[in-house]
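Peer 1: fold the stuff below for me.
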Amino acid sequence: MTIQGMPVPNYGFGPGPVYLSGQLTWYAGQIALFLISPAYDGAALIRGHRLDGTGTFPFASPNGELTLAAAGQSGHWRLVQSSLLQAIAPGCYGIQVDGDGFSEVIVFAVQAGPAPPD
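Peer 2: Now for the predicted structure:
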């Protein structure tokens with residue numbers, strides 16, 4: 001699957017229409033990748049928090065939240081990605097997405113992994 005000429009995953013987590021997805025290749029930083037269904041053209045607000053301890057899901061934005069602008073009906077999937085301000089520690093996290101006529105929560109776990117390749 002490609003969006004804007006860039007290959008993207010063909011999976012996402014959550015009930016939709018905004019899905020948390022992943023990346024296809026290893027990346028030195030940490031990003032959050034969201035796929036937005038072609039059926040949804042409204043705006044959305046995305047916020048994240050750690051559920052099993054203190055801390056947030058640190059989106060690289062002035063207020064730590066992501067705001068998705070409304071888009072015209074294109075019939076295509078939309079892609080939004082955000083760098084994270086800091087590394088995410090292993091734990092349980094939740095992302096809340098509020099949009100026109102819906103509110104959804106995506107809960108996921110981050111586990112410790114191996115060191116990145118040299």
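Peer 1: leaving out the residues flanking it, which one is nearest to Gly14?
Peer 2: Using C-beta to C-beta, 6 or more residues apart in numbering and skipping residues adjacent in sequence, the residue nearest Gly14 is Ile106, 4.0 Å away. For the C-beta atoms, the positions are set from N, CA and C on the backbone; glycine is no exception.
Peer 1: Val97 versus that neighbour, what's the distance?
Peer 2: 7 Å (C-beta to C-beta, to the nearest Å).
Peer 1: the two: who's more crowded?
Peer 2: Neighbours were counted for Ile106 and for Val97 using other C-beta atoms under 10 Å; Val97 has more, 25 against 20.
Peer 1: so in terms of bridging, what pairs with the more buried one?
Peer 2: Ile46, Glu104 (DSSP bridges).
Peer 1: I'd say it and Gly14 touch.
Peer 2: Yes. At 7.2 Å, Val97 counts as touching Gly14 under the criterion of C-beta atoms under 8 Å.
Peer 1: how about the strands in the protein?
Peer 2: Secondary structure of the chain (DSSP state E): strands located at 2-3, 6-7, 18-21, 31-36, 44-50, 66-68, 78-83, 91-99, 102-110.
Peer 1: other SSEs contacting the fourth one?
Peer 2: When you say that, I think you mean strand 31-36. Counting contacts by 3 or more C-beta pairs under 8 Å, 6 or more residues apart in numbering; DSSP states H and E, strand 31-36 is packed against strand 18-21, strand 44-50, strand 66-68, strand 78-83.
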